[in-house]
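Peer 1: sequence below, structure please.
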Amino acid sequence: MVDLSADGEEIAVSVDIYQYDDFRKALADLWTERKRLEPRSTHRSFAKEAGFSNPGFLGDVVAGRRKLSAQAQARMIRGFGLKGSDAEFFRLLVRHNQAKSPTDRAEFWRQILARRSKASFTRMNPALVRYYQDYRYPLVRSALQCMHWKGEASVLGAFLDPPIAPAVVQRIAQDLLAWGLVAIEPDGRWKPTSDFVEPPPTMGEQVRELNRTWIQHGAEAIARVPATRRHVSSVLLTVSDATAREVRRRIETFRSELFDLLRADTAPDRVLQLSIQYFPRSREKDPA
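Peer 2: Next comes the predicted model:
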């Protein structure tokens, strides 16, 4: 990507647009990088170069106070020097983030994934892109923690519920090995190299999509898994603001304690899914 200095000279901008799910975050980082490379830049000078009459427009967009029209998108692209496929990817991010229809959002997200698969983001970060794009990657990786597996794809595929075809297992295992997320030990056993893969904040939508898949699997488990082997329950809570925050704090504390428990378990023999859902089912009551 190329930007222009206050003197009109080209300067290299190192922000990779393909790593973002949120166009506002992308704009914030593009501005930070521009300031790093050209400290004399101001919101006023940027607005003049991009063609905005309001010097505070960029700040308003980043803060979520304004949306981007097609014309404003073109000006942002010009202001930050986005070219070719980078510019098209930015437009796609805007359409996805601003779409009101779930159907439109899903279609734009499909296009985002397709463009990423052809971009440098995939070549540079394959583990992050595909690991969080396909739920089977973390599932196979978790299963390898439980098994003394030496490459028999049919055995690993049958271990999972629902089963995964041997050819798919083999492909996923090879990818995990290539990405350094699993390793083959001297005795031939395949084993994860670490307990957790942390996605960057810029991949929020990718992680949200994976969570939607896990939640869907939880709903399917109600009919597919006997009650003696699962626990699925929901409760509606009536709480004050202070209690709502305390419940959230306790959920986070529980997650931390749970991870401590799992790290202490040196002999896992099965994979279970635990989903925690905590979200509003009403508007907040106006104070009297």
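
Peer 1: how about the strands in the protein?
Peer 2: Counting by DSSP state E, the chain has strands at residues 2-4, 10-12, 182-184, 190-192.

Peer 1: may I see the buried residues of stretch 202-213?
Peer 2: 202-203, 205-206, 209-210 (16 or more other Cβ atoms under 10 Å). (C-beta placed from N, C-alpha, C; glycine too.)

Peer 1: next one: stretch 35-42
Peer 2: Neighbour counts over stretch 35-42 (16+ other Cβ under 10 Å) mark 38, 41 as buried.

Peer 1: count of residues packed around Ser194?
Peer 2: When neighbours are defined as other Cβ atoms under 10 Å, Ser194 has 10 of them.

Peer 1: who touches it in this structure?
Peer 2: When the contact criterion is Cβ atoms under 8 Å, 6 or more residues apart in numbering, the partners of Ser194 are Leu181.

Peer 1: isn't Ala28 up against Val62?
Peer 2: Yes: in this structure, Ala28 is within contact of Val62 by Cβ atoms under 8 Å, at 4.9 Å.

Peer 1: one step back: can you lay out the buried residues of stretch 202-213 as CSV showing pLDDT and distance to Met147?
Peer 2: Shown next, in CSV, are these (pLDDT from 0 to 100; distance: Cβ to Cβ, whole Å):
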residue, pLDDT, distance to Met147
Thr202, 71, 33
Met203, 75, 29
Glu205, 79, 32
Gln206, 80, 27
Glu209, 86, 28
Leu210, 87, 23
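
Peer 1: of those residues, closest to Arg110?
Peer 2: Distance to Arg110, by Cβ to Cβ, is smallest for Glu209 among the buried residues of stretch 202-213, at 10.4 Å.

Peer 1: could you report the pLDDT at the closest residue to Leu160 other than its chain neighbours?
Peer 2: Of all residues not flanking Leu160 in the chain, Ala143 sits nearest, at 5.9 Å (Cβ to Cβ, 6 or more residues apart in numbering). Note for Ala143: predicted pLDDT of 95.

Peer 1: how many residues are close by Ala143?
Peer 2: For Ala143, using other Cβ under 10 Å, the count is 22.

Peer 1: surely it touches Pro163?
Peer 2: No: using Cβ under 8 Å, Ala143 is not in contact with Pro163; the gap is 11.2 Å.

Peer 1: ok, so what distance separates Leu261 from Arg255?
Peer 2: 11 Å (Cβ to Cβ, to the nearest Å).

Peer 1: pick out whichever of the two has more residues nearby.
Peer 2: Comparing Leu261 with Arg255 by other Cβ under 10 Å, the one with more neighbours is Arg255, at 12 against 9.

Peer 1: in contact with the more buried one, which residues are there?
Peer 2: Arg255 neighbours (Cβ under 8 Å, 6+ apart): Ile276.
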